[in-house]
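K.L.:
make a model of this:
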Amino acid sequence: MSWFGVSRITPAWWAAMVLGLIVLATVASLPWTLSPIVAGDPVARFEATDPSHALQPPLTQGWLGTDRLGRDVLARLLLGGGISLMVGLAAATTALLLGTTWGVIAALSPARIDNLMMRIVDILYGLPAILLVVLLAVAVDGIRQRAGWALGGSARLWLDLMTLWLAIGAVSWLTLARVVRGQVLSLRQQPFIESARVVGVPWVQQIRRYYLPWLAGPIIACTALVVPMAMLSEAFLSFLGIGVREPLPSWGNLAASGLPELNPVKSHWWLL
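P.N.:
Predicted structure coming up:
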């Protein structure tokens with residue numbers, strides 16, 4: 001036996017511990033990144049500019065250096081991780097609610113309604129998911145501009161985040177709906193479900209007491225896969241300039257702003 005049972009820790013456990021450290025550091029740093037630098041100053045740490053300290057390499061001005069506006073890269077990186085996690089968890093929650101509801105209703109409905117609902121899922125499956133997210137995000141932004149909504153800075157940022165969350169969540173529930181429908185169709189043939197139907201248990205109570213406990217495992221597994229997919233979609237859209245926008249940081253727009261800094265003349269490598 002080795003110290004603390006390290007030899008028994010599988011690669012999956014190492015990955016889980018690294019992921020836990022990233023999540024812990026990101027969440028724990030949110031008060032630090034969002035709090036004003038000086039008491040009474042409304043400028044948060046992640047957007048505080050100082051041109052005299054622009055493009056300073058790591059350890060000379062901050063742990064990870066500064067960008068072209070003199071902003072702390074570490075603060076923006078940590079806050080960007082928090083935003084990516086928030087969008088991923090919100091989109092996963094939306095996919096959980098939509099997919100579970102759609103799958104259960106389709107499985108317990110008559111065959112004609114079931115076929116119609118699953119053909120809708122098949123049609124949505126045939127469309128590129130990332131293209132749908134881009135179209136939804138652009139459509140909401142176009143509606144806002146056409147309606148002439150005069151939004152302030154913070155309201156505009158929150159609208160962009162909510163649009164991104166709803167757009168990603170709206171295309172992330174399809175696999176979960178199929179899995180839930182298949183599980184419910186399988187459970188309907190079990191003796192305890194047939195017994196509950198025979199004795200007249202209401203269908204809402206059947207779902208709550210008999211179906212959901214058996215569906216919890218597949219639902220949790222599918223939802224866990226939605227979170228990284230949603231984070232990657234958010235980073236990709238932010239990299240293209242459609243998702244999270246300045247001054248809010250995101251891992252996507254941080255990579256986009258750092259990419260041009262790699263050049264053969266003078267490379268500011270720490271920004272990427």
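
K.L.:
before we move on, what's the pLDDT of the residue lying closest to Ala170 once chain neighbours are set aside?
P.N.:
Leaving aside its sequence neighbours, Ala170 sits nearest to Leu136 (CB to CB, 6 or more residues apart in numbering; 6.5 Å). Quick note: C-beta positions are derived from backbone N, CA and C, even for glycine. pLDDT recorded at Leu136 is 77.

K.L.:
quick check: Leu136 touching Leu164?
P.N.:
No - using CB atoms under 8 Å, Leu136 is not in contact with Leu164, being 9.1 Å away.

K.L.:
the more surrounded of the two?
P.N.:
Leu164 (27 against 17; other CB atoms under 10 Å).

K.L.:
can you tell me how far that one is from Ser84?
P.N.:
Separation of Leu164 from Ser84 (CB to CB, to the nearest Å): 10 Å.

K.L.:
which residues are in contact with each of the two?
P.N.:
Glu234 (CB atoms under 8 Å, 6 or more residues apart in numbering).

K.L.:
so what pLDDT did the residue nearest in space to the middle of the chain get?
P.N.:
Relative to the mean C-alpha position of the chain, the nearest C-alpha, by CA atoms, centre = their mean, is the one of Gly88, at 1.2 Å. Confidence at Gly88, expressed as pLDDT, is 85.

K.L.:
contact partners for it?
P.N.:
Contact analysis of Gly88 by CB under 8 Å, 6+ apart lists 226-228, 230-231, 234.

K.L.:
next step: those residues restricted to helices.
P.N.:
226-228, 230-231, 234 (DSSP state H).

K.L.:
nearest to Trp63, of the contacts of Gly88?
P.N.:
Among these, Met231 lies closest to Trp63 (CB to CB), at 23.3 Å.

K.L.:
go ahead and list the helix or strand containing the residue nearest to the centre of the chain.
P.N.:
Here Gly88 is covered by helix 73-108, with elements defined by DSSP states H and E.

K.L.:
with Ala216 instead?
P.N.:
Using DSSP H and E, Ala216 falls within helix 212-240.

K.L.:
return the distance of that helix from the chain's centre.
P.N.:
7 Å (CA atoms, centre = their mean, to the nearest Å).

K.L.:
for that helix, give the mean pLDDT please.
P.N.:
On average, the pLDDT along helix 212-240 is 87.

K.L.:
stretch 115-124 now?
P.N.:
91.

K.L.:
from the chain's centroid, how far away is it?
P.N.:
The chain centre lies 25 Å from the centre of stretch 115-124; the measure is CA atoms, centre = their mean.

K.L.:
show me the contact partners of that stretch.
P.N.:
102, 105-106, 109, 132, 171, 174, 177-178, 181.
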